[in-house]
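[1] Got a predicted structure plus its sequence, pasted below:
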Amino acid sequence: MVSRVGVASDDFRKQVLGYGLTTAQILYRMPDHPSLLQTYVWQNYDLCPKFPALKDFLAFWQEKLDGPLFSVTVAHSRLIKPTELRAVDGVFRLH
């Protein structure tokens with residue numbers, strides 16, 4: 001389905017607005033067994049470096065869910081990305 005502006009995907013719109021795919025690995029304590037840690041992976045488009053969507057999700061987690069947060073590790077393309085390599089068409093020598 002195509003919207004009025006001709007863009008079919010909300011994810012594409014977010015990318016055009018500067019959003020990037022963000023992944024968060026969340027470690028939390030099990031409510032019934034606080035000595036055990038469980039992992040949850042959250043992935044969504046978000047703005048780096050403030051991460052408003054992730055902050056909203058974590059606020060929801062702390063307010064509504066029983067498992068207390070232990071740690072959150074965030075990965076985003078602006079935080080870490082491979083070095084860009086460019087092909088060289090020729091070699092220039094200066095004598």
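    Structure's in. What do you need?
[2] From now on I want contacts and neighbour counts done on CA atoms only, so please keep to that.
    Noted.
[3] Okay, strands next: where are they in this structure?
    All strands of the chain, identified by DSSP state E, fall at 20-29, 37-46, 69-76.
[4] could the ones you listed go into TSV alongside mean neighbour count and distance to residue 14?
    TSV is the format used below for the strands of the chain (neighbours: other Cα atoms under 10 Å; distance: least, Cα to Cα, whole Å):
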stretch	mean neighbour count	distance to residue 14
strand 20-29	18	8
strand 37-46	15	7
strand 69-76	15	14
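[5] quick one, which of the ones you listed is nearest to residue 53?
    strand 37-46 (5.9 Å; Cα to Cα).
[6] Just the residues contacting that closest one, thanks.
    For strand 37-46, contacts defined as Cα atoms under 8 Å, 6 or more residues apart in numbering pick out 11, 14-15, 19-30, 52-54, 70.
[7] go again using 6 Å as the cut-off
    For strand 37-46, the external contacting residues (Cα atoms under 6 Å, 6 or more residues apart in numbering) are 19-29, 53.
[8] would you turn the strands of the chain into JSON lines with distance to residue 62 and mean pLDDT?
    Converted to JSON lines, the strands of the chain look like this (distance: least, Cα to Cα, whole Å; pLDDT from 0 to 100):
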{"stretch": "strand 20-29", "distance to residue 62": "11", "mean pLDDT": "95"}
{"stretch": "strand 37-46", "distance to residue 62": "14", "mean pLDDT": "96"}
{"stretch": "strand 69-76", "distance to residue 62": "8", "mean pLDDT": "94"}
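[9] Go through those and name the closest to residue 63.
    Proximity to residue 63 (Cα to Cα) singles out strand 69-76 among the strands of the chain, at 11.2 Å.
[10] Isn't residue 67 up against residue 30?
    Yes - in this structure, residue 67 is within contact of residue 30 by Cα atoms under 6 Å, at 5.5 Å.
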